[in-house]
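> pasted the sequence and its predicted model underneath.
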Amino acid sequence: MSKKRKHGGVKQGFDLFERAQRELAKGNVKDALKDAKVCFREDSRPEHRQLLERAYAARAEQLQKAGLNDQARAAFSELTELGITAPDVQAKLPRLRILLGLLESAPAGGAASVWDRNPELLIELADQAVFHPQRVPPAYAEIHRECQRVRAALEAVERGDDATAAEQLNDIPRRSPYADWRLFVRGLSAFYASDADRAHANWDRLDPKRPAFRIAQTLLVHSGQLAAESAAFSVANGLRRLDYAQDSDPVWSQLKAMGEHFQAGRWSNLLHAFRSFCQRFAATHAALIERITDMLWKRVVREYSEEGFERLIRIAPAPRLDPRWNRARALLAEESSHTPFDTLEALWKAYAEDLRQSSCLPEDERAIAAGLVYQRMARAKVEAAHREEARYPAYCRDDYSDAPGFRNDAEQYYRQSIRHAPRLHSAYVELATLHLEQEDESEAVQVYQALLKQFPDDYAAHVWLANHFVEDDKPDKAERHALEAQRLKPRDDLTVALMWSQRLAMVRMCAKQRKFTLARQEWEALPQHMPAGTETYWLDLLRAAIEYKAKNRDEAEKWLAAGEAKLKEPTPAWMIMHAHAARFGLDREIKNQFGNRFKAALANPCCSETAGQLTKFLYPFVVRQIKYVGLATHQRLTLEYLGRCHDLRWQGDALRHVVNFLFVADSWRHLALRDRLLAEGCKHFPEDPLYPFLTGRVAMGRGPYQVDAQAVRKLFEQALKLNERAAHPLSDELIKLAKKAISTLDETIEMQRSSFFGGPYDEEDEFDEEDEYDEFEDGDEDDEYEYFEDDGDDDEDEFDNVPLSDAQIERIVPSFLLTALKRAAAERGVSLQELMLQLLNGKLLPADVLGDAGPPPPFGPFGGESRRKKKSSRR
Amino acid sequence: MIINPYEVLGVGPEASADEIRQRYLTLVRQFPPEREPQRFAQVRAAYDQLRDPIVSLERRLFNLTATDTFDTVQATERQRQRGRRLPTPVLLSLAEI
C-alpha cells in the first residue's frame, strides 16, 4: 500500500528509489513497481533501471502465483521490452518463461533442453498444477493431462473409490514428475483402509522436498502412527488445520454445543439444539441421534422430569426398543409415588404388546423381554402387597387391606412371565416365594418342580424339595432330589445335612412299612452320611427302634444296652426311645416303659452331659418344627430339668447345646435361665465365640431405645475375633448375622446421638400448650391426648374396660410380638391383659415393651434354622 | 451388580456376544487372576453380567443408567471423523502451498 508523504523538503527521486527498494524487499511488489517506474522515468540511471527490472520480474512472478497469468505475461512482456541488464533477473528468465507458458513446445535442443536443464522447474510446475491447475499455462498439455489424472485419483480416494483411483494413476510414467503423487495416492488409499504396511511402503519413497511428503507426514502424526517429534518437519500448522476442519464439521460443532448445555443443565437450550440436530441429520446420523436420545430420556426419567420427557418425545425419534415410548412412560411412572397402579399396569401391558408386535428384537429375545415385563409387574404387585400388609395388623388384614388382591395379581403376572419366558429362573423363585409367604407349600412344590424341568441342575431347588418331602414324611420322594443335590455339591454343608435327614427318614419309613430288611440296610448305610458331631449312640437307639418294631425284643435290648453304655446316664437314651416309640409307632407298652423311665430319671441330680444330650436331640425338632407326639412334653420336662441345674460344673459342649436349645425353645419363662447360663458360658468358656454372640443377640432384643449399643457392639466384635481361632467356630450364617448386627448397632448409635433421643428437647414442639390441640384440653377429662401427659393413674380413662382375655390376646397377636409381650409381662409380674391395659392407657410406651421382636436366630450343630426362616432360605 | 459392565470391559452397548467374549479374553490375559485378583474379579463379574442373555436384556430394557455420556459420544464422533476421508482441498491444504 502506498504511504502518503507526510514530510516535505526531501528529494523525491531519492526517496522514491529507497522506498521502492524497501517495498520490494517487503514483498509489496505492486507499489514497488509503481515507484520504480517513476524513478526510472525521472532518472534512467542504471540502478533505477535494474530496480525496475527486478520489480517487473517480481510482479510477473507474483501475478503468476496468484493465477493471473495474462497479467503476469503482460508484466513479463514489459520487462522484455525494457530489456534485461540485471544478472539476477537474467537468471530468472527461463523459469519465468516456463511458469508463464511462454516456452514453445520443444523442438529438439529447444524446449526439451530447457526442461532437461531445469528439472526442478518441471517438478515445481507439476506440484503447482496439482494445487492450482489454473496457474499452469494451457501450453503444457502433458502437465495438465497428468495433473488432471492425479486430481481425479484424489477425488476418487475421497469418495472411497480406490479402484478408480488406481486406474487413473496407471498411465503415469515412472519418470513423470507426477510419479511422486502416484505414490502418495496409493499410500493414501492404504492409509484410509488402515493398511499401515502398504501406506508406509508407498510413503517411505516420497521425495521429502515435495508437498506430498508433507501431507503424508501430517496425516501420520494426526493418526498417531508417527510421533510429532519424529516428523521431518513441524506439522503443527497442518494439525491445526485438520482440527479446524473437524471442528468446523457441523455435526461436531452441534454435538459440542449440546454437550455444553447438558453439562450446564440448560435443558431448554439442549432440547432446542437437539431438535435442530435431529431435523438436519436424521438421515445421515441416525445411530448418533439414537445414542443421544437414550442418554436424554434416561436422565429425564431418573430426575422425574415429566415436562422434560414430554418435550423430548416430541423432538426425538423413539428408541428401537421402545417404539411408542411406553416403556419410558412406565419407568417414569414408577419413579412417582402418585401414579395410580392401574396407569402403571396399563403402560407395562402396552409395552409388552409393543414388544410382541415390533421387530426390534429377535424372536427369542422378544419372548424373554415380555417375560421380564410381566415379572416387573409382578414385583410391583408384591411390593404393593407388602406395603398394604404393613398398614394393617394380621387379624384384620384380610378384611380391610387390598393385599390379597395384589398377591393374586402378582401370581398371575408371574405365571404369564414364565409362560413367555420359561427360562426366566428368577420368576420361578419369586413365585415360589410368593406361595411360601402365604404358607401354600403345595403350590411352591409345583413351582419348584416346574423350575427343575427347565433347570435340572438347580441345586437350591433340589435341596428345598428334598427338605420339604422329608419334613412331610415322604423320604422316598425326597430321595431323588437329595441324590441330585449330592451329585451337584457333594461337600456342601446343606447337602450333608440333607442326606442325613433323608436317610434317617428312609429308615423310619421302611420300619413303619414293616420292610425291616430294607430298614436295616438303610441303617447300615447311615454312617457314610453321618455329619460330624453326630452321636454314635443315636444309631444304636435307632437300630433298637427297628428291632422293637420288628418284635425282636432281645435284639432291640441288645442295641439299647449298647447305646446306654455310651452315656454317663441313660436318661437321654430313654427320652430318645420314647420319641422313637411315637415316631415308629411302637407298641404302647414299650412307649410307656420308656416314658416312665425317662420321667423317673429326670428326678436324679442334674448332670451336665445329660442336659447337653437331651437338648442336642430336641434342638432340630424345635428349630424345624418337626412334630411328634410327646415332643411338647419332652420340651417341658427338659426345661424343668434345666431349671434345676444350679451350681453345675458345665462341660463345654453340653453348655453350648443347652443355650442353643434355650434360644429356640420360645419359652419366655426361662429367659432368666438362659441369661444366667449365657453369663456362665462367658465366664467359664471365654474362648468360645458363641456366648458373646448370643449375649449380644439378647441385648439387641431390648430394642433400639434401650440397648447399650456401644457395649453390645463390642460383644459382636469380640465374637468375630474369637471365631478366628475357635475350636467350635460360628457358622457362616451366624457370622453374617454378627456383621449385620454391628452395622445395625452403628446406625443405632447414630440415632441415639441425634436430637430425637439425646439432644436438647425443643419445647416448642407438638406438645406446646398453644398448639392446635388446645381445643381438647378445656375441662375434657377424657381427652385422648392425655396419653402424652404424665398424669399417673387415670380412673376415667376410656380404655379401662378391655374386653380381651389372655387367651384372646394370644390368639390375635402375632407370635413374634407375643413373645415380647409375654416377656414384658413376666418381668413386671402382671398378666398379658394387664400389660395391654397399661399400654393402651399410656402407662407403658410400646418402646418399653417391644424390642427386636424378630424370629429366633439360626444356630446349632445341624446349622438348622427355624422352619419359617428355612422357607425363606430355600427361596 | 456392577454399575456399568460395558465400561469395565470397554465395549459399546451394541457389541455382539463374540466381541464381548474377545474383549473379555484380552482383559484376562492382561489381568490374570494370580497377578491382579481384584481387577480380574471385576472383569469376570462384568463378563458374567453381559454374557447371560437374560441379565443383558433386562439391563437393556430397564436400566436407567445411560451407557453413554456426551463425552463418550463426542469421542466416538471424533474417532469417526479421524477415520473419515478428508475432502481433497483440506488434504492439499496440509502441504501449505
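That came in fine, so what should we check first?

> make it CA atoms for all contacts and neighbour counts henceforth
OK.

> chain B contacts on the stretch 51-200 of chain A?
Residues of the stretch 51-200 of chain A lying close to chain B (CA under 8 Å from any CA of the partner chain) are A:131, A:154-155, A:157-160, A:192.

> hmm, 6 Å instead?
The stretch 51-200 of chain A comes close to chain B at residues A:Glu158, as judged by CA under 6 Å from any CA of the partner chain.

> quick one: stretch B:45-60 near chain A?
No: no part of stretch B:45-60 sits near chain A under the criterion CA under 6 Å from any CA; the closest distance found is 6.9 Å.

> now do that stretch: distance to the chain's middle.
15 Å (CA atoms, centre = their mean, to the nearest Å).

> and that stretch, how far apart are its ends?
One end of stretch B:45-60 sits 17 Å from the other (CA to CA, to the nearest Å).

> mind checking which helix or strand A:Gln375 is in?
helix A:363-391 (DSSP states H and E).

> by contact count, what packs against that helix?
Applying 3 or more CA pairs under 6 Å, 6 or more residues apart in numbering or on different chains; DSSP states H and E, one finds that helix A:363-391 contacts helix A:403-420.

> state the distance from the residue in the stretch 51-200 of chain A that chain B sits nearest to to A:Phe281.
Proximity of the stretch 51-200 of chain A to chain B (CA to the nearest CA) peaks at A:Glu158, 5.4 Å away. Distance, A:Glu158 to A:Phe281, using CA to CA: 21 Å.

> more neighbours: the two, which one.
Ranked by neighbour count (other CA atoms under 10 Å in any protein chain shown), A:Glu158 and A:Phe281 place A:Glu158 first, with 20 against 14.

> state the distance from A:Arg275 to A:Ala282.
The gap separating A:Arg275 from A:Ala282 is 10 Å, by CA to CA.

> who touches both of those two?
Counting by CA atoms under 6 Å, 6 or more residues apart in numbering or on different chains, A:Arg275 and A:Ala282 have no common neighbour.

> what about residue 49, neighbour count?
The chain I'm using is chain A. 22.

> sorry, should have said chain B
19.

> element containing it, please.
helix B:37-51.

> quick one: contacts for residue 52?
Using chain A here. Contacts of A:Leu52 by CA under 6 Å, 6+ apart are A:Ala36.

> chain B, not that one
Going by CA under 6 Å, 6+ apart, the list of residues near B:Asp52 is empty.

> can you pull out the helices in the stretch 451-600 of chain A?
For the stretch 451-600 of chain A, the helices defined by DSSP state H, counting those that start in this stretch cover A:459-471, A:475-488, A:493-512, A:516-525, A:536-549, A:553-565, A:571-584, A:588-601.

> revised request: answer the last question for chain B.
Ranges of helices within chain B are B:5-9, B:17-30, B:37-51, B:53-62, B:70-83, B:88-93, based on DSSP state H.

> re earlier: state the helix or strand in which the residue of the stretch 51-200 of chain A closest to chain B lies.
helix A:141-159.

> rewinding a little: okay, buried residues for the helix holding B:Gln49 please.
Within helix B:37-51, the residues that count as buried by 16 or more other CA atoms under 10 Å in any protein chain shown are B:39-40, B:43-44, B:46-47, B:49-51.

> over to stretch A:276-295?
Quick answer for stretch A:276-295 (16+ other CA under 10 Å): A:277-278, A:282, A:288-295.

> try stretch A:221-236
Result for stretch A:221-236 [16+ other CA under 10 Å]: buried residues A:221-222, A:228, A:235.

> just put those in CSV and tack on distance to chain B and secondary structure.
Below are these laid out as CSV (distance: CA to the nearest CA, whole Å; DSSP: H, G, I helix; E, B strand; the rest coil):
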residue, distance to chain B, secondary structure
A:Val221, 12, helix
A:His222, 8, helix
A:Ala228, 15, helix
A:Val235, 9, coil
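
> in CSV: the residues you listed, plus pLDDT.
Shown next, in CSV, are the buried residues of stretch A:221-236 (pLDDT from 0 to 100):
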residue, pLDDT
A:Val221, 92
A:His222, 90
A:Ala228, 87
A:Val235, 87
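
> return the residues of chain B in contact with chain A.
Counting by CA under 6 Å from any CA, chain B sits next to chain A at B:64, B:66, B:70, B:85, B:94-95.

> please name the nearest non-neighbouring residue to B:Asp68.
A:Met295 (6.3 Å; CA to CA, 6 or more residues apart in numbering or on different chains).

> next one: phi and psi at A:Arg186?
Main-chain dihedrals, A:Arg186, degrees, to the nearest 10: phi -60, psi -40.

> for it, give me the pLDDT.
The model reports A:Arg186 with a pLDDT of 94.

> so the closest residue to it other than its chain neighbours is in which element?
The shortest distance from A:Arg186 to any non-neighbouring residue, by CA to CA, 6+ apart, is to A:Asn202 (6.7 Å). Element membership for A:Asn202 (DSSP H and E) is helix A:196-203.

> give the buried residues for that helix.
For helix A:196-203, using 16+ other CA under 10 Å, the buried residues are A:198-200, A:202-203.

> packing partners of that helix?
Using 3+ CA pairs under 6 Å, 6+ apart: helix A:196-203 touches helix A:179-192.

> give me the nearest residue to the residue nearest the centre of chain B, chain neighbours excluded.
For chain B, the residue nearest the mean C-alpha position is B:Val11 (2.0 Å; CA atoms, centre = their mean). Nearest non-adjacent residue to B:Val11, counting by CA to CA, 6+ apart: B:Ile20, 6.9 Å away.

> give me the element A:Ala126 is part of.
Judged by DSSP H and E, A:Ala126 forms part of helix A:119-131.

> got the angle for the helix or strand bottoming out on mean pLDDT in chain B vs helix A:179-192?
The helix or strand of chain B with the lowest confidence, counting by mean pLDDT, DSSP states H and E, is helix B:70-83 at a mean of 82. If you take axes from the mean of the first three to the mean of the last three CA atoms, to 10 degrees, helix B:70-83 sits at 150 degrees to helix A:179-192.

> alpha carbons of helix B:70-83, as PDB, please.
Extracted in PDB, the C-alpha atoms of helix B:70-83 (Å, rounded to 0.1, in the frame of the first residue of the first chain):
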ATOM      1  CA  PHE B  70     -21.800 -36.700  25.900                       C
ATOM      2  CA  ASP B  71     -18.100 -37.200  26.400                       C
ATOM      3  CA  THR B  72     -18.100 -40.700  25.000                       C
ATOM      4  CA  VAL B  73     -20.500 -39.700  22.200                       C
ATOM      5  CA  GLN B  74     -18.100 -36.900  21.300                       C
ATOM      6  CA  ALA B  75     -15.100 -39.100  21.500                       C
ATOM      7  CA  THR B  76     -16.800 -41.600  19.200                       C
ATOM      8  CA  GLU B  77     -17.700 -38.900  16.700                       C
ATOM      9  CA  ARG B  78     -14.200 -37.600  16.800                       C
ATOM     10  CA  GLN B  79     -12.800 -41.000  16.200                       C
ATOM     11  CA  ARG B  80     -15.200 -41.400  13.300                       C
ATOM     12  CA  GLN B  81     -14.100 -38.100  11.800                       C
ATOM     13  CA  ARG B  82     -10.500 -39.100  12.100                       C
ATOM     14  CA  GLY B  83     -11.200 -42.200  10.200                       C
END
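
> which neighbouring elements make contact with that helix?
Packed next to helix B:70-83, using 3+ CA pairs under 6 Å, 6+ apart, is no helix or strand.

> check the offset of that helix from the chain's centre.
From the chain centre to the centre of helix B:70-83 is a distance of 13 Å (CA atoms, centre = their mean).

> which parts of it are buried?
B:70, B:73-74, B:77-78, B:81-82.

> what about A:Gly585, neighbour count?
16.
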